[in-house]
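>>> Give me coordinates for this.
(one chain, ligands or ions: 3)
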Amino acid sequence: MAVNLLLGLQWGDEGKGKIVDVLTKNYDIIARFQGGPNAGHTLEFDGIKHVLHTIPSGIFHDKAVNLVGNGVVIDPVIFKKELDNLAKFNIDYKSKLLISRKAHLILPTHRILDAASEASKGKAKIGSTLKGIGPTYMDKTGRNGIRVGDLELSDWKERYRNLANKHEAMIDFYDAKIEYDLQELEQDFFEAVETLKSLTFIDSEEYLHKAQKEGKKILAEGAQGSLLDIDFGTYPFVTSSNTTAAGACTGLGVAPNKIKEVFGIFKAYTTRVGSGPFPTELFDEDGETMGRVGNEFGATTGRPRRCGWLDLVALKYAVHVNGVTQLMMMKGDVLSGFNTLKVCTAYKYKGETIDHLPYNIEPENVTPIYTEMKGWSEDLTKMSDKSEFPKELNEYIEFLEKELETPITIVSVGPDRTQTIHR
Ligand code: GDP
Ligand code: IMO
Ligand code: MG
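Ligands and ions are numbered 1, 2, ... in the order given. Next up, the predicted model:
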């Protein structure tokens, strides 16, 4: 049985959590493959909004198993908070949540290091969520990290101490004058580790291999977005993992030839939170409207998201890098009421017109070239079938499908589970 992937094609927050929740009924296993609590995946149903950071977005369904894969980095403290939230809604997570032994742990000192590194960068800061993501992946690739499986060994606290001591020396080196009480942080950390240890740890690559043999249906859930990918994103303003399709292979141990559908999620416009180039960013009333109507505030940090028109140059790049087979357009409802919609179809780059993403996309290097389209005024949020779509929305969708050479199979018209239209 094949594995399907779902991932974000822009700078994150495309609505991955919502769609994973919508699709979970078709799957046996939902598996997160990278990132950590820098992610904030929002789901809405029965009038309640839930935000997940590390736990896969299939957790509210009874049937599916939810797996935190080896490519994920886990902060036990945040993880415990997520579990406590689930308990409030009587979700029996213990029976359906599995953790890969090979997933790495975010230590309290990783979080401090993240803050120290950002402070030392001054104006050039990444705009990190300060969850310790960069330092944890650095320790992973530097071969110093502590993994979930290590918690089952008797000497893990010794290894913890050695690494934390080293981190403290590094924090001093940054001279960022960050105040922290490690003892207090460690108390929370060790308590949360005990909670983590009450869950089931598995050799997840083997588990997924067997599941595939048994014909189980697996959906891999990505975090962040393709333009935040450590290799293919707007480096250095990126996260520290591979957010693109290849990340699902390394982050779960799924072979490339086992992947069938790649669902690429994008907003009908563009947003970005944190620093870094964003060619179609708006600083006018249109951008302000998108932010207000779309309620564009980070689900993890609460920071306002920067907003702009849809960038097809960047989107095409993401479709190519991921091998997207189906597109899902989110937040179409937010564009209702604009007389004219703009879509960036090319860049002016060094005096030339180009339609691919160049190495440098800073404002001094690229100017977006827009195609204008007629907007629609109808409220989409109450619609339940594509036959109700206004003509201009259909034209917008068909234009994107043609440009991206990929079908748009879902159009989302509101945050709720039910506000999802299949085409
Ligand atoms: P994720 O990180 O990709 O899961 O996305 P986030 O949860 O960070 O951000 C998406 C936000 O948009 C959340 O607040 C969702 O509830 C909301 N959302 C998702 N789909 C739609 C939609 O079609 N319309 C509107 N108005 N909001 C949506
Ligand atoms: P989801 O899964 C949007 C951004 C941060 C910052 C950069 C690096 O909800 O789509 P990090 O904490 O990883 O060192 O931050 O990446 N970022 C996200 N932006 N959605 C996310 O996740 C993000 N995760 C990280 O704002 O610019
Ligand atoms: Mg998010």
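
>>> Now Leu97: closest residue in space, sequence neighbours ignored.
Nearest residue to Leu97 in three dimensions, chain neighbours excluded: Asn66, at 5.2 Å (CB to CB, 6 or more residues apart in numbering). C-beta: built from backbone N, CA, C; applies to glycine.

>>> I'd assumed that neighbour was in a strand, is it?
Yes: with DSSP: H, G, I helix; E, B strand; the rest coil as the criterion, Asn66 is assigned to a strand.

>>> wait, Gly308 sits on Glu281?
Yes: with the criterion set as CB atoms under 8 Å, Gly308 and Glu281 qualify as a contacting pair; they are 4.2 Å apart.

>>> for this protein, what spans make up the helices?
Across the chain, reading from the start of the chain, the helices by DSSP state H fall at 16-23, 76-88, 108-121, 133-141, 156-174, 182-197, 204-213, 245-252, 285-293, 312-322, 391-404.

>>> Any chance of CSV for these, columns mean neighbour count and mean pLDDT?
CSV is the format used below for the helices of the chain (neighbours: other CB atoms under 10 Å; pLDDT from 0 to 100):
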stretch, mean neighbour count, mean pLDDT
helix 16-23, 24, 98
helix 76-88, 17, 98
helix 108-121, 21, 96
helix 133-141, 21, 98
helix 156-174, 15, 96
helix 182-197, 15, 98
helix 204-213, 17, 97
helix 245-252, 23, 98
helix 285-293, 16, 97
helix 312-322, 22, 98
helix 391-404, 17, 98
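
>>> how about the ones you listed in TSV, adding distance to ligand 2?
What follows is the helices of the chain, written out as TSV (distance: least, CB to the nearest ligand atom, whole Å):
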stretch	distance to ligand 2
helix 16-23	6
helix 76-88	12
helix 108-121	7
helix 133-141	4
helix 156-174	16
helix 182-197	18
helix 204-213	20
helix 245-252	12
helix 285-293	14
helix 312-322	13
helix 391-404	20
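
>>> right, and the ones you listed - which one's nearest ligand 3?
Smallest distance to ligand 3 across those (CB to the ion): 6.9 Å, for helix 16-23.

>>> Grab the CA positions of that closest one and hand them over as CSV.
The C-alpha atoms that make up helix 16-23 are tabulated as CSV, following Å, rounded to 0.1, in the frame of the first residue of the first chain:
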residue,chain,number,x,y,z
LYS,A,16,-2.0,21.8,6.9
GLY,A,17,-3.6,20.9,10.3
LYS,A,18,-7.1,21.5,9.0
ILE,A,19,-6.7,19.3,5.9
VAL,A,20,-4.9,16.5,7.7
ASP,A,21,-7.9,16.4,10.1
VAL,A,22,-10.3,16.4,7.2
LEU,A,23,-8.5,13.6,5.4
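
>>> Would that helix count as contacting ligand 1?
Yes: judged by CB under 6 Å from any ligand atom, helix 16-23 comes into contact with ligand 1 through Lys16, Gly17, Lys18.

>>> check contacts around Val68.
Contacts here follow CB atoms under 8 Å, 6 or more residues apart in numbering; on that basis Val68 touches Ala31, Arg32, Thr54, Ile55, Pro56, Ile74, Leu97, Leu98, Ile99, Ser100, Ala103.

>>> what about 7 Å?
Taking CB atoms under 7 Å, 6 or more residues apart in numbering as the contact definition, Val68 lies against Arg32, Thr54, Pro56, Ile74, Ile99, Ser100, Ala103.

>>> Leu404 too?
Leu315, Lys316, Val319, Leu327.

>>> In this structure Thr250 contacts Gly69, no?
No: the pair Thr250 / Gly69 is not scored as a contact, 9.4 Å apart, by CB atoms under 7 Å.

>>> Show me what stretch 21-28 is in contact with.
Counting by CB under 7 Å, 6+ apart, the neighbours of stretch 21-28 from elsewhere in the structure are 30, 43, 57-58, 60-61, 64-65, 216-219, 417, 420.

>>> and the residues you listed, which are buried?
Ile30, Leu43, Ser57, Gly58, Phe60, Ala64, Val65, Lys216, Lys217, Ile218, Leu219, Thr420 (16 or more other CB atoms under 10 Å).

>>> Now do the second one against Gln10, distance only.
Right, the one you point to is Leu43. Taking CB to CB, to the nearest Å as the measure, Leu43 falls 19 Å from Gln10.
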